[in-house]
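Q: compute the structure for the input listed below.
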Amino acid sequence: MISTARTRRALPLLAVAIAATLLGACQKSDDPRSIDRTDEIKRADAERIAAQAAAPAPADKPAEAPAASDVPELRIATLDGKTYDLAEHRGKWVVVNFWATWCAPCIKEMPELSALDAMREHIEVIGLAYEEIDKADMQAFLKQHPVSYPIAVLDVTDPPKSFDTPKGLPMTYLIGPDGKVVEKFLGPVDAKKLEDAIAKAGGPKPGEPAGQGGAGKNGSNEDDSSKDDSSKDDSSKGGPSGGHT
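A: As a prediction, the model looks like this:
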């Protein structure tokens, strides 16, 4: 009987001991090193997230306008219903003039550009109107400001890719007989400035026949003075006087 009583008293103690042992086992399973490692990971994650939040968001890369080509291409319908193809004018010095009817400096330079186109065998001009204007209004404007060279009205939402998009007017390109850009002018130009640029690039000097100092009509160095038609000799024409009738 004594033995049985002792056994009964020992059972609760044994249960407590087992529970304590099991509890201790659960606690021991959380290895201090494991806890420390978990804390390190949490701290690292927190620091990483904080750093990302603090860092400025990468700005969207602005769209870059296409750069002007060394050998620009231009094929466009002109106001007279014809198609102007810059490639077909190799052998000439071509003045590509971006302008607008509302641009006073553009209007001021038009007479000299017209004179260059009409009086210089080796120089041609193409006017590109960079504005929203309908054909009838442009034709009415040109009746008041006639020019000898072709005019084309550009789509301002889709200007020629081979040239810089105008950020100001007038903007003028001088294209050499080989089709390459010789010089770009921002702001008004006159006959002297253009002819000086041509001479500097190896072309004819002002008043000099096209066959001397640079390419003539067909890109050759043939002296135009040797032609039967003496009217083709630039030296007999005189210089542009600022207008053309």
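
Q: strands along this protein, start to end?
A: Assigned by DSSP state E, the chain shows strands spanning 75-77, 83-85, 93-99, 123-129, 151-153, 171-175, 181-186.

Q: so for Pro111, which of those strands sits nearest?
A: Counting by Cβ to Cβ, Pro111 lies closest to strand 123-129 out of the strands of the chain; the figure is 11.6 Å. Just so you know, the C-beta spots here come from the backbone N, C-alpha and C atoms, and that holds for glycine as well.

Q: TSV for the strands of the chain, including mean neighbour count, mean pLDDT and distance to Gly203?
A: As requested, those are arranged in TSV below (neighbours: other Cβ atoms under 10 Å; pLDDT from 0 to 100; distance: least, Cβ to Cβ, whole Å):
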stretch	mean neighbour count	mean pLDDT	distance to Gly203
strand 75-77	13	98	25
strand 83-85	13	99	22
strand 93-99	24	99	6
strand 123-129	24	99	9
strand 151-153	21	99	25
strand 171-175	23	98	10
strand 181-186	16	98	9
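
Q: need these in CSV with distance to Glu195, can you?
A: CSV is the format used below for the strands of the chain (distance: least, Cβ to Cβ, whole Å):
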stretch, distance to Glu195
strand 75-77, 26
strand 83-85, 23
strand 93-99, 9
strand 123-129, 8
strand 151-153, 22
strand 171-175, 10
strand 181-186, 12
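
Q: pLDDT weak spots in the protein?
A: For the chain, the stretches with pLDDT under 70 are 1-68, 211-245.

Q: quick one: the helices in it?
A: 2-29, 32-54, 104-119, 135-144, 191-200 (DSSP state H).

Q: the strands of the chain: which one's closest to Lys143?
A: strand 151-153 (12.1 Å).

Q: residues making contact with that closest one?
A: 76-79, 84, 126-129, 131, 133, 135, 138, 142 (Cβ atoms under 8 Å, 6 or more residues apart in numbering).

Q: out of those residues, the closest to Lys108 would be?
A: Of all the contacts of strand 151-153, Gly127 has the smallest distance to Lys108: 13.8 Å, by Cβ to Cβ.

Q: for Ala136, see how far away the residue nearest to that closest one when sequence neighbours are not counted is.
A: Residue nearest to Gly127 in three dimensions, not counting chain neighbours: Ile151, with 4.5 Å by Cβ to Cβ, 6 or more residues apart in numbering. From Ile151 across to Ala136, the span is 14 Å (Cβ to Cβ, to the nearest Å).

Q: go on, Tyr173?
A: Counting by Cβ to Cβ, the gap from Tyr173 to Ala136 is 28 Å.

Q: and Val125, by the same measure?
A: Distance from Val125 to Ala136, by Cβ to Cβ: 23 Å.

Q: try Pro160
A: Distance from Pro160 to Ala136, by Cβ to Cβ: 24 Å.

Q: between the two, which one's more packed in?
A: Neighbours were counted for Pro160 and for Ala136 using other Cβ atoms under 10 Å; Pro160 has more, 22 against 8.

Q: give me every residue that touches that one.
A: Pro160 makes contact with 72-74, 76, 128, 154, according to Cβ under 8 Å, 6+ apart.

Q: dump stretch 167-180 to CSV, keeping only the CA atoms.
A: Below are the C-alpha coordinates for stretch 167-180, written out as CSV (Å, rounded to 0.1, in the frame of the first residue of the first chain):
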residue,chain,number,x,y,z
LYS,A,167,14.4,75.5,-82.2
GLY,A,168,14.4,78.9,-83.8
LEU,A,169,14.0,80.5,-87.2
PRO,A,170,15.5,81.1,-89.6
MET,A,171,17.8,78.0,-89.7
THR,A,172,19.8,77.4,-92.8
TYR,A,173,22.0,74.5,-94.0
LEU,A,174,24.7,74.9,-96.7
ILE,A,175,25.1,71.5,-98.5
GLY,A,176,28.2,70.9,-100.6
PRO,A,177,28.3,69.4,-104.1
ASP,A,178,29.1,66.0,-102.6
GLY,A,179,25.8,66.2,-100.6
LYS,A,180,27.5,66.8,-97.2
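
Q: thank you kindly, that will do.
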